[in-house]
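Novice: I'll drop the sequence and a predicted model, then ask my questions.
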Amino acid sequence: MSHPEPEVSVVVVTWNGCHLLKLSLPAILDQTNVHHEVILVDNGSIDDTVAWTRSTHPSVRVLELDRNEGFAAGNNHGFSIARAPLIATINNDAVPDKAWLAHLVDAARTHEEAGMFASRMVYAHGPPVINSAGISIDPLGIAWDRMSGEPDESGGDCEVFGASAGAALYRKELIDETGGFDERFFAYLEDADLAWRARWLGWKAQYISAARVRHLHSSTWHEDSPMKTFHLGRNKVWLIAKNYP
C-alpha cells in the first residue's frame, strides 16, 4: 500500500542527545492537521540515539553520519533526502505545541512571496519569555534573536529578516536555490547567513506567532562553552564579510 507524499519534511539534527529527543521527538511526531515525515540526522552520536529512535519511533527516517559534521551540514544531509516541498528544521531540545507545524504550513499557503517562516521560540525554563521571534540584523550587520527576553505573548505576525533554524519552515525551492546552509559555519548563525543570501535572491521571511515551541536552549553546547564562544565569534565575522553590501 503506497503512502501519500508528505506536505512537510521535518529535519532534526542531533549529537549525543537521546535524553533530549525523549522529550522533543514525541511532540514533533504528534503534530495535528498536517501530513509530515520526520528525518533524524545523527551526527555520530555515541549514546543510544539511533537504537532508541529505531525501536521506539520506527516511522522516523534515521540518517546516520559517522562523525559530528555540525548543525549546518547535518541539516543539509536531511534536506537532500526530504520528500516534501516544505522543509522544517527544529532543534533536538525544542518541544513544539501540537499545532506548531500546521500554523507554519498555513502561513506558507498564505504568504506565497515568503520562503522562510519563523516560529515563536519560548524559553522552557523560568518565566515564559521569548527566546526568538525570528532573526533581526542591526546596522553593524550583527544578527540577533528578535524580541529575546520579551513576555511570551508579545507581538503578532509580521515580516522579519529571517527565521531561526531552531524552529523554522523553508520552501524546498529556497533551499535548492541557495544551496542550503553554508557548512563552513558548522553551527550558529548559519540560519542568518541563509536568510541573508535568500533575501538577496528576493525571498522574504514571515514571523508566525502562533507557531510556538518551548526551547531548552544551549543543551548541546552550553552557554559560554569554548566551542560555542569560538563559533559564535568567528561566524559573526564571516556573516558580515560574506553578506554585507
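Specialist: Arrived safely. Numbers count the residues shown, from 1 in each chain.
Novice: the closest residue in space to Glu64 that isn't next to it in sequence: what's it in contact with?
Specialist: Closest residue to Glu64 apart from its sequence neighbours, by Cβ to Cβ, 6 or more residues apart in numbering: Asp42 at 5.2 Å. To be clear about C-beta, it is placed using only N, CA and C from the backbone, and glycine gets the same treatment. By Cβ atoms under 8 Å, 6 or more residues apart in numbering, the residues touching Asp42 are 14-15, 49-50, 62-65.
Novice: quick check: Asp42 is in a strand.
Specialist: Yes. Counting by DSSP: H, G, I helix; E, B strand; the rest coil, Asp42 falls inside a strand.
Novice: what's the spacing between it and Gly78?
Specialist: 11 Å (Cβ to Cβ, to the nearest Å).
Novice: over to Asn68?
Specialist: For Asn68 relative to Gly78 (Cβ to Cβ), the value is 15 Å.
Novice: the two: who's more crowded?
Specialist: Per other Cβ atoms under 10 Å, whichever of Asn68 and Gly78 has more neighbours is Gly78, with 23 against 18.
Novice: so Ala108 makes contact with Leu86?
Specialist: Yes. Proximity of Ala108 to Leu86 meets the contact threshold set by Cβ atoms under 8 Å, at 5.8 Å.
Novice: any shared contact partners between those two?
Specialist: Shared contacts of Ala108 and Leu86, counting by Cβ under 8 Å, 6+ apart, come down to 169, 171.
Novice: what touches both of Asp42 and Gly78?
Specialist: Leu63.
Novice: ok, Tyr188 touching His231?
Specialist: Yes. Shown here, Tyr188 and His231 form a contact pair, counting by Cβ under 8 Å, at 4.8 Å.
Novice: looking at those two, which is more packed in?
Specialist: Tyr188 (24 against 21).
Novice: which stretches of this structure have low pLDDT?
Specialist: Scanning the chain for pLDDT under 70 picks out the ranges 1-3, 217-224.
Novice: mind jotting down where the helices sit in it?
Specialist: Under the criterion DSSP state H, helices of the chain are mapped to 18-29, 49-56, 70-81, 100-110, 172-178, 190-200, 226-243.
Novice: so what does the first one touch, helix or strand wise?
Specialist: Contacts defined by 3 or more Cβ pairs under 8 Å, 6 or more residues apart in numbering; DSSP states H and E place helix 18-29 against strand 8-14, strand 36-43, helix 49-56, strand 94-96.
Novice: at 6 Å what do you get?
Specialist: Applying 3 or more Cβ pairs under 6 Å, 6 or more residues apart in numbering; DSSP states H and E, one finds that helix 18-29 makes contact with strand 94-96.
Novice: what pairs with the strand it packs on, and is each one parallel or antiparallel?
Specialist: Here strand 94-96 has these sheet partners by DSSP bridges: strand 204-215 (antiparallel).
Novice: what's in contact with the strand it pairs with?
Specialist: Strand 204-215 has contacts (Cβ atoms under 6 Å, 6 or more residues apart in numbering) with 94-97, 100, 103-104, 107, 111, 113-114, 116-122, 124, 131, 133-134, 156-160, 162-163, 167.
Novice: please apply the same query to stretch 91-107.
Specialist: 12, 14, 17, 20-21, 23-24, 27, 31-34, 117, 166-167, 169, 206, 208, 210-216, 219.
Novice: likewise for stretch 51-62?
Specialist: Counting by Cβ under 6 Å, 6+ apart, 18, 38-40, 50 sit against stretch 51-62.
Novice: list the buried ones in that stretch?
Specialist: For stretch 51-62, burial by neighbour count (16 or more other Cβ atoms under 10 Å) applies to 53, 57, 60-62.
Novice: can I get the helices of the chain in TSV including distance to Asp145?
Specialist: As requested, those are arranged in TSV below (distance: least, Cβ to Cβ, whole Å):
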stretch	distance to Asp145
helix 18-29	19
helix 49-56	27
helix 70-81	16
helix 100-110	18
helix 172-178	21
helix 190-200	10
helix 226-243	12
